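**Student:** Next come a sequence and a model predicted from it.
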Amino acid sequence: MTGAPTAIGDRVTEVQKIWKMAYHLPETFPTDGSQWDHLFADGERFAVGAIEARALLSPGHTLCSMTYVIGDAAFVHDTVFMPDSGTARADFPGGDALEIWRSIQRILKLPDDTRLFAGHDYRPGGREARWESTVAEQKAHNLHLKDHDESSFVKFRNERDRSLPLPSLMLSALQVNIAGGRLPPQEEDRRRYLKIPLNAVPLVSSVRSSSAEAARTDDVGYQNTAAIRYGSIDLVNDSFGRQADECTEGLSPTVNRRRTSATGGYR
């Protein structure tokens, strides 16, 4: 860690509780957000040097997604991407298509010339990477927003999300994310281990908001076998899948039926 103070939205505690259960973390793992120096409340004002800023709760992609409005710019996390990439998916545990629509509408009430900085860019058609748009550009050109009202967007988003695989490194990364960027503690052999919980998505899908449809998966959550990289250890695609097959043989007739090696994404 750099020693600089860290902050995040105060609903991160809800996300920690979900994933503590999924990873079967020890009781000693704190779910009070104490891994950060400060937890922002919705609408809280702060400063970056002499620049005024405020935190806006922007749930939908996750329970604790935040937008940070700093001067004439807004850092919008996974809400809208570049207009030609549309919007973020809303099917992760705690996600909700209706919530992300409302979060985006809140962002689009900022002044039209507000600069929006996105969390990802998928470079459709192989174009050059982009990361900045404006509120006006999103209103006029976002391909997931311009032809939708609230109800049609929710229907579209839910249907699209059912077709998307889990991002390949999501289960590797989240256990670090919920610890404020810290790797898991050393175990008795003085090594650190990343856990990959099988069937994680069905385990935690019941925590999602009531307005979202239940998560659907063909293979009991066994969709994320693309890659795990930790230090010099690589367990990739089918090699990892074969090891997992051996571990789960006989547990369920559906577990071994199909493996997906697509990298997936957040849109």
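**Tutor:** Yes, it's here.

**Student:** Give me the pLDDT value at R259.
**Tutor:** Note on R259: pLDDT of 35.

**Student:** Oh, that last question was meant for C247, not what I typed.
**Tutor:** According to the model, C247 carries a pLDDT of 39.

**Student:** Can you show me the strands along the protein?
**Tutor:** For the chain, the strands defined by DSSP state E cover 7-9, 38-40, 45-48, 51-57, 66-70, 73-75, 115-117, 132-134, 227-230, 233-236.

**Student:** What are the buried residues along the longest one?
**Tutor:** Neighbour-count burial for strand 51-57, with 16 or more other Cβ atoms under 10 Å as criterion, is recorded at 53-57. All C-beta spots, glycine's among them, are computed from the backbone N, C-alpha and C.

**Student:** Stretch 97-109 too?
**Tutor:** Across stretch 97-109, burial judged by 16+ other Cβ under 10 Å covers 97-101, 103-104, 107-108.

**Student:** pLDDT-wise, which helix or strand of the protein ranks last?
**Tutor:** One helix or strand of the chain scores below all others by mean pLDDT, DSSP states H and E: strand 227-230, with a mean of 30.

**Student:** pLDDT weak spots in the stretch 1-150 of the chain?
**Tutor:** Scanning the stretch 1-150 of the chain with the threshold set as pLDDT under 70 gives 1.

**Student:** now L57: how far from E188?
**Tutor:** As judged by Cβ to Cβ, to the nearest Å, L57 and E188 stand 41 Å apart.

**Student:** With T62 instead?
**Tutor:** To E188, T62 is 33 Å away according to Cβ to Cβ.

**Student:** Who has more neighbours out of the two?
**Tutor:** Comparing T62 with E188 by other Cβ atoms under 10 Å, the one with more neighbours is T62, at 27 against 5.

**Student:** next one: phi and psi at that one?
**Tutor:** phi -140, psi 170 (degrees, to the nearest 10).

**Student:** Not counting residues beside it along the chain, what's closest to it?
**Tutor:** G94 (5.5 Å; Cβ to Cβ, 6 or more residues apart in numbering).

**Student:** Please work out how many residues are found near that neighbour.
**Tutor:** Neighbours of G94 (other Cβ under 10 Å): 25.

**Student:** which sections of the stretch 151-267 of the chain are below the confidence cut-off?
**Tutor:** Ranges of the stretch 151-267 of the chain meeting pLDDT under 70: 200-266.

**Student:** burial measure for G33, as a count.
**Tutor:** Neighbour tally, G33, other Cβ under 10 Å: 22.

**Student:** Same check on D96?
**Tutor:** Applying other Cβ under 10 Å, we find 26 residues neighbouring D96.

**Student:** Not counting sequence-adjacent ones, nearest residue to R160?
**Tutor:** R89 (7.4 Å).

**Student:** Just give me the neighbour total for that neighbour.
**Tutor:** The number of residues packed near R89 is 22, by other Cβ under 10 Å.

**Student:** Quick check, it in contact with L164.
**Tutor:** Yes. Applying Cβ atoms under 8 Å as the test, R89 and L164 come out as touching, 5.9 Å apart.

**Student:** ok, G33 touching A7?
**Tutor:** No. Between G33 and A7 there is no contact under Cβ under 8 Å: 9.7 Å.

**Student:** Can you check which residues contact both of these two?
**Tutor:** Both G33 and A7 are in contact with L39, where contact means Cβ atoms under 8 Å, 6 or more residues apart in numbering.

**Student:** just to revisit the earlier point, for the buried residues of strand 51-57, which one is nearest E137?
**Tutor:** E137 lies nearest to L56 out of these, by Cβ to Cβ, at 19.3 Å.

**Student:** which residues does the nearest residue to A118 once chain neighbours are set aside contact?
**Tutor:** Closest residue to A118 apart from its sequence neighbours, by Cβ to Cβ, 6+ apart: F81 at 4.9 Å. F81 is in contact with 87-88, 118-122, 267, counting by Cβ under 8 Å, 6+ apart.

**Student:** can you list the residues you listed in a markdown table and add neighbour count and distance to S152?
**Tutor:** Output for these, formatted as a markdown table (neighbours: other Cβ atoms under 10 Å; distance: Cβ to Cβ, whole Å):
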| residue | neighbour count | distance to S152 |
| --- | --- | --- |
| T87 | 28 | 13 |
| A88 | 30 | 17 |
| A118 | 22 | 23 |
| G119 | 16 | 25 |
| H120 | 15 | 24 |
| D121 | 16 | 25 |
| Y122 | 16 | 23 |
| R267 | 17 | 18 |
